[in-house]
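Trainee: Take this sequence and fold it.
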Amino acid sequence: MSASREKKTRQGQTSQGPDERVQERQRKQKADRRSSILYAVVGVICVAAIAVTLVLNSGLIQRSMTAVTIQDTKYSAADLQYYYNVMYQNTLQYAMYGLQTGFDYTKDPKDQVYDQETGDTWYDHLLDGAVDYLTTITALYDKAVAEGYAISEDGQAALDETVTTLNNAWVGQYNTRNEMIRSNYGPYMTYDHLLELLEREALVSDYASTNRAAYTYSQADYESYYQENKDALDTFTTSQLALRASVNTTDENGDTIEMTEEEQAAALEEAKAEVKAKAEEILAKMEAGEEPADLAAQYSEDLYSDAVSRVQTGSSVNSSYTDWAFDSARKAGDVTLAEYDGGSSYYYYVVRFEDRQRNDGAAADIRNILVTADSDDEAKSSAEDLLAQWQSGDATEDSFADLAASNSKDPVSATGGGLMTNLTALTSDAVYTNWALDPARQPGDTTVIQDTEAEGYQILYFVAQKDPVWQQTADNSLRTEDQTAWEESAAEGYEAALGFAAKFVQ
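Mentor: Down below sits the predicted model:
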């Protein structure tokens, strides 16, 4: 190769090299720019996602976006959650007390079908109930405001007491007040907003109570109601001996007895046959004229309950034999054998009809403090000392209730401040009624009397004399009917529409 050609070749190679490197560098720069843009976009998305999560967790959206609109009023998820919790807690209490609602409090409401036809869950049902309740609250609030209604002194006092409880209830149970509020009123609730809801509810409740109290009824109204509902209002006296057939699921050592469902069912049928034969034996003796009390003593080891004489209004009569008891042909001395399937147990009731009447006697409310001691003299002295202690102080019904809660040995009434309501001569113990039903009795009267059955002394405080129980029931029912009609009229035309934020209710 000539020197000139070699030089040209080197020049060509030199001129090509830098161009390729520049192009490669440019390609890398473009790739880097694309990566930077991609990372920037991803970063923005991540930041946005984190921001959304933080906002959701803060409850800002749930407190600001509309969950339901009722007429012209918009409510947030925090509001709707509050009323959902009210419905849930009511249903929970019913279920825990054994009322047959079909609700399983051990499961999530969203996992339980409420209506097989529609497929609605218990969550749907409770949410619908919350919306209905909130609709009524809204309508009555609007009506109260339009009429210029102001909360009463009693209503304000009740609200103040609620707020005081709210401010103190968290101590010793929660780390902060806000933690308690979120735990009980929903994760989106704040203290200030809860106060707004409580104030609104207090006004509505006071307004509704004032309206309910304003209704008046004549004796003719009560009589008319009685004629339509006498089975529920009359007082029935019966003698009942109850027996129960069941299957032992534990042995004498407390260990579980392993049984299949079929084995348990067969064992229950065997137990039923044995117990029914015993019940029929008692029935035959009662039909022959033997007294229920004597039979109760004779068959004490076979009876499920030792309560024989039962005096109760028709609404409380055992549902297993209400049709029999309510029959207009029923007369004193009639007997029957009734049965009740309790699922894992089966019950037999041997019943004798004693009496049916409308209890027209006056009723009375009192408070009691039962004092017991090793001797009667000691119990009486202690009771008199307690009464003197109360008399030296405020001597009010509230202070007596506090004294009862702290000192009474009565396991039934002590937790309620010793309150005993609607005592009547027909249905209550004479140890109370002989004093409480005296026409001369006045609110605030007190006494100390011996209670031989309780083996102690009773300090009694007279609260008030009241109308016959059947008339009280009639009055309450008539007021409820009129109040319901009033509330429905107030809410007429109020429509509810769920919004996006309703899905945050949990």
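
Trainee: The nearest residue to residue 456 once chain neighbours are set aside and residue 414: what is the separation?
Mentor: Leaving aside its chain neighbours, residue 456 sits nearest to residue 372 (3.7 Å; criterion: Cβ to Cβ, 6 or more residues apart in numbering). No exception for glycine: its C-beta is placed from N, CA and C like everyone else's. Note on residue 372: its distance to residue 414, by Cβ to Cβ, to the nearest Å, is 12 Å.

Trainee: now residue 393
Mentor: 19 Å.

Trainee: Mind checking which of those two has more residues around it?
Mentor: Between residue 393 and residue 414, counting by other Cβ atoms under 10 Å, residue 414 is the more crowded of the two (18 against 11).

Trainee: doesn't residue 404 make contact with that one?
Mentor: Yes. The criterion here is Cβ atoms under 8 Å, and residue 414 meets it with residue 404 at 6.1 Å.

Trainee: any idea where the helices of the stretch 1-150 of the chain begin and end?
Mentor: 3-58, 60-64, 77-96, 122-146 (DSSP state H, counting those that start in this stretch).

Trainee: ugh, wrong one, I meant the stretch 401-506 of the chain
Mentor: In the stretch 401-506 of the chain, the helices defined using DSSP H, counting those that start in this stretch lie at 430-436, 469-490.

Trainee: any idea what sits nearest residue 486, other than its immediate chain neighbours?
Mentor: Residue 486's closest residue in space is residue 211 (Cβ to Cβ, 6+ apart), at 6.3 Å.

Trainee: quick one: buried residues of the helix or strand hosting the one you found?
Mentor: Per DSSP states H and E, residue 211 falls inside helix 191-213. Within helix 191-213, the residues that count as buried by 16 or more other Cβ atoms under 10 Å are 193-194, 197-198, 200-208, 211.

Trainee: Give me the residues contacting that helix.
Mentor: Helix 191-213 has contacts (Cβ atoms under 8 Å, 6 or more residues apart in numbering) with 63, 78-79, 82, 137, 140-141, 143-144, 149, 151-152, 154-156, 158-159, 162-163, 166, 177-178, 181, 185, 479, 482-483, 486-487.

Trainee: what's the angle between that helix and helix 122-146?
Mentor: Per axes from the mean of the first three to the mean of the last three Cα atoms, to 10 degrees, the angle that helix 191-213 makes with helix 122-146 is 70 degrees.

Trainee: Between helix 77-96 and helix 191-213, find me the angle.
Mentor: Using the same axes, to 10 degrees: helix 191-213 against helix 77-96 is 60 degrees.

Trainee: Which SSE is immediately downstream of helix 191-213?
Mentor: helix 219-228.

Trainee: Quick check: can you list the domain ranges of this protein?
Mentor: 3-58, 67-215+497-504, 235-357, 363-467 (automatic domain parsing).

Trainee: Looking at stretch 289-296 now, give me its mean pLDDT.
Mentor: What stretch 289-296 shows for mean pLDDT is 96.

Trainee: repeat for stretch 459-477
Mentor: Stretch 459-477 carries an average pLDDT of 97.

Trainee: picking that back up, okay if I get the domains of the chain as a markdown table plus distance to residue 222?
Mentor: Converted to a markdown table, the domains of the chain look like this (distance: least, Cβ to Cβ, whole Å):
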| stretch | distance to residue 222 |
| --- | --- |
| domain 3-58 | 57 |
| domain 67-215+497-504 | 13 |
| domain 235-357 | 15 |
| domain 363-467 | 9 |
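
Trainee: lowest-confidence stretch among these?
Mentor: domain 3-58 (a mean of 42).

Trainee: ok, back up a step: got TSV for the helices of the stretch 401-506 of the chain, with distance to residue 109 too?
Mentor: TSV is the format used below for those (distance: least, Cβ to Cβ, whole Å):
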stretch	distance to residue 109
helix 430-436	45
helix 469-490	26
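
Trainee: Nearest to residue 326, out of those helices?
Mentor: Proximity to residue 326 (Cβ to Cβ) singles out helix 469-490 among the helices of the stretch 401-506 of the chain, at 15.3 Å.

Trainee: Tell me which helix or strand comes right after the helix or strand residue 294 falls within.
Mentor: Element membership for residue 294, per DSSP H and E: helix 292-298. Note on helix 292-298: by DSSP H and E, the next helix or strand toward the C-terminus is strand 309-313.

Trainee: Shouldn't residue 252 be within a helix?
Mentor: No. Assessed with DSSP: H, G, I helix; E, B strand; the rest coil, residue 252 is coil; it does not lie in a helix.

Trainee: could we number from 14 for the rest of this?
Mentor: Noted, 14 is the first residue going forward, which turns the last one into residue 265.

Trainee: Would you mark the buried spots in whichever strand or helix holds residue 256?
Mentor: Using DSSP H and E, residue 256 sits in strand 248-259. For strand 248-259, a neighbour-count test (16+ other Cβ under 10 Å) marks 248-259 as buried.

Trainee: how about the residues you listed, which pair is most distant?
Mentor: Using Cβ to Cβ for every pair in the buried residues of strand 248-259, the one that comes out farthest apart is 248 and 259, at 32.0 Å.

Trainee: in stretch 310-329, what counts as buried?
Mentor: Quick answer for stretch 310-329 (16+ other Cβ under 10 Å): 312, 315-317, 321, 324, 326-327.

Trainee: what's the closest of those residues to residue 80?
Mentor: Once Cβ to Cβ is applied, the member of these that ends up nearest residue 80 is residue 326, at 43.9 Å.

Trainee: which residues does the nearest residue to that closest one once chain neighbours are set aside contact?
Mentor: Counting by Cβ to Cβ, 6+ apart, residue 326 lies nearest to residue 248, which is 5.7 Å off, once chain neighbours are set aside. By Cβ under 8 Å, 6+ apart, residue 248 lies in contact with 324-327, 369-372, 439-440, 483.

Trainee: what do you get if the cut-off is 6 Å, keeping everything else the same?
Mentor: Shown in contact with residue 248 (Cβ atoms under 6 Å, 6 or more residues apart in numbering): 326, 370, 372, 439.
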